[in-house]
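S.K.: No letters, just coordinates:
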């Protein structure tokens, strides 16, 4: 089955197969074709080029993209999309002046979500989560990472990961599952950190591996949560089960956690609202992808990841939503791209590179996702008629997406 998209105003992010990420100055370059065509064959990108060279495909489905931009779907490499209920009261508490740390100390935050999740059936969690997943797909997300971490018990973590696996089986987009048992210490382990880490390593991990429920392992490496030494234990344990690390780090404080993540060959380090020169030096020598989560900074009024500083050091950068009930109750990657431009001073070219190819790299799928490349997955966004792709971040409150294709099929 061929789909031929013709008269494309601008076809963005065209790459050769060997380009798996972009870094530093090259992030400012977004390769494109004007007045182009694109051919999808079954679930893959088959060919593209200038309209002057457009072949005739008599049996193809034809889509006229006159005045429209075509680009790869967003690759959201950091979410907590599977959860139960909401934390809307904490939203009001923050407005009334309570900090993230104060809310957590009163039993809110992650522990609040954990209690709700453990009280909710797997079927109900799936029902709530699939609604969110369908919404983000319509907003242009064609690949997504989803973490556990609101169980904090053997049963709760397994329940979350089973929901993620069921979503992956029932929806066409690529879904990567990350085991985040080390999200917070449950109340009964507040004074027994090693006991909870033993539970993660000796009980949770073997069961997760037996059911093949996770691709990655994560921990909240932060003052008041998991220390460097505790996180290193978790990363080492993950390696034994083939789970590469993707770590929350430097959200509120810099405690040399990034160097530890690099030492353990983490695929990504996520948040990075606080970044030191030592952190940058550690990343420059690595294959680890820094990931910024600007809508989290927006929602809880903390600093934004210093994108310009990272890119000036020659580093790559990915963008993701951090979709979760407490600090970022939105999975809208269009808003993430806009916020990166408005608040982090990234150019539209840099932000789109960060939200597509580099996002794919941050979940280990840039060989198949993240660019318009022959042989990659046929995951594309067709915009409404617009003058320039600059309008995507400029009109930050508007939905400029007209059609989304995932695996070659248009979403209803």
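M.R.: Done, it's in. Everything quoted here is computed from the prediction, not taken from an experiment. Numbering: from 1, shown residues only.
S.K.: quick check, residue 4 in a strand?
M.R.: Yes. Per DSSP: H, G, I helix; E, B strand; the rest coil, residue 4 lies within a strand segment.
S.K.: shouldn't it be in contact with residue 65?
M.R.: No. Judged on CB atoms under 8 Å, residue 4 makes no contact with residue 65 at a distance of 10.3 Å. Where you see a C-beta, it was placed from the backbone N, CA and C, and this is true even at glycine.
S.K.: ok now stretch 119-137, how far from the chain's centre?
M.R.: Distance of stretch 119-137 from the chain centroid (CA atoms, centre = their mean, to the nearest Å) equals 18 Å.
S.K.: Provide the contact partners of that stretch at residue level.
M.R.: The contact list for stretch 119-137, computed with CB atoms under 8 Å, 6 or more residues apart in numbering, reads 76, 81-85, 117, 144, 159-160, 162-163, 166-167, 170-171, 173, 321, 323, 331-333, 404, 406, 411.
S.K.: Looking at these, which are in helices?
M.R.: Of these, the ones assigned to helices by DSSP state H are 117, 159, 160, 162, 163, 166, 167, 170, 333.
S.K.: Could you identify the buried members of the contacts of stretch 119-137?
M.R.: 76, 81-85, 117, 144, 159-160, 162-163, 166-167, 173, 321, 323, 331-333, 404, 406 (16 or more other CB atoms under 10 Å).
S.K.: Show me where the stretch 1-150 of the chain has its helices.
M.R.: Assigned by DSSP state H, counting those that start in this stretch, the helices in the stretch 1-150 of the chain fall at 88-95, 100-105, 110-119, 122-138.
S.K.: and residue 289, what does it touch?
M.R.: By CB under 8 Å, 6+ apart, the residues touching residue 289 are 21, 77, 267, 268, 269, 316, 317, 318, 358, 361, 362.
S.K.: What residues sit buried inside the least confident helix or strand in the chain by mean pLDDT?
M.R.: Lowest on mean pLDDT, DSSP states H and E among the helices and strands of the chain sits helix 100-105, with a mean of 82. By 16+ other CB under 10 Å, the buried positions in helix 100-105 come out as 100, 103, 104.
S.K.: Closest to residue 369 out of these?
M.R.: Nearest to residue 369 among the buried residues of helix 100-105 is residue 100, at 32.4 Å by CB to CB.
S.K.: Does the closest one touch residue 327 like I think?
M.R.: Yes. Applying CB under 8 Å, one finds residue 100 in contact with residue 327, separated by 7.2 Å.
S.K.: got the contact list for residue 82?
M.R.: Residue 82 makes contacts with 125, 129, 146, 147, 148, 150, 160, 163, 164, 167, as judged by CB under 8 Å, 6+ apart.
S.K.: and with 6 Å instead?
M.R.: Counting by CB atoms under 6 Å, 6 or more residues apart in numbering, residue 82 makes contact with 129, 146, 160, 163, 164.
S.K.: for stretch 147-163, how far is the first residue from the last?
M.R.: Using CA to CA, to the nearest Å, one end of stretch 147-163 lies 11 Å from the other.
S.K.: roughly how far is it from the heart of the chain?
M.R.: The answer for stretch 147-163 is 19 Å, by CA atoms, centre = their mean.
S.K.: again, but for stretch 62-70
M.R.: Counting by CA atoms, centre = their mean, stretch 62-70 comes out at 27 Å from the chain centroid.
S.K.: which parts of that stretch are buried?
M.R.: Quick answer for stretch 62-70 (16+ other CB under 10 Å): 63, 65, 68, 69, 70.
S.K.: Now, the residues you listed that are in strands?
M.R.: Judged by DSSP state E, the buried residues of stretch 62-70 include 63, 69, 70 as members of strands.
S.K.: Now do the contacts for the residue nearest to the first one when sequence neighbours are not counted.
M.R.: Nearest-residue entry for residue 63: residue 5, 4.7 Å, with adjacent residues in sequence omitted and distances by CB to CB, 6 or more residues apart in numbering. The neighbourhood of residue 5, defined by CB under 6 Å, 6+ apart, consists of 38, 63, 65.
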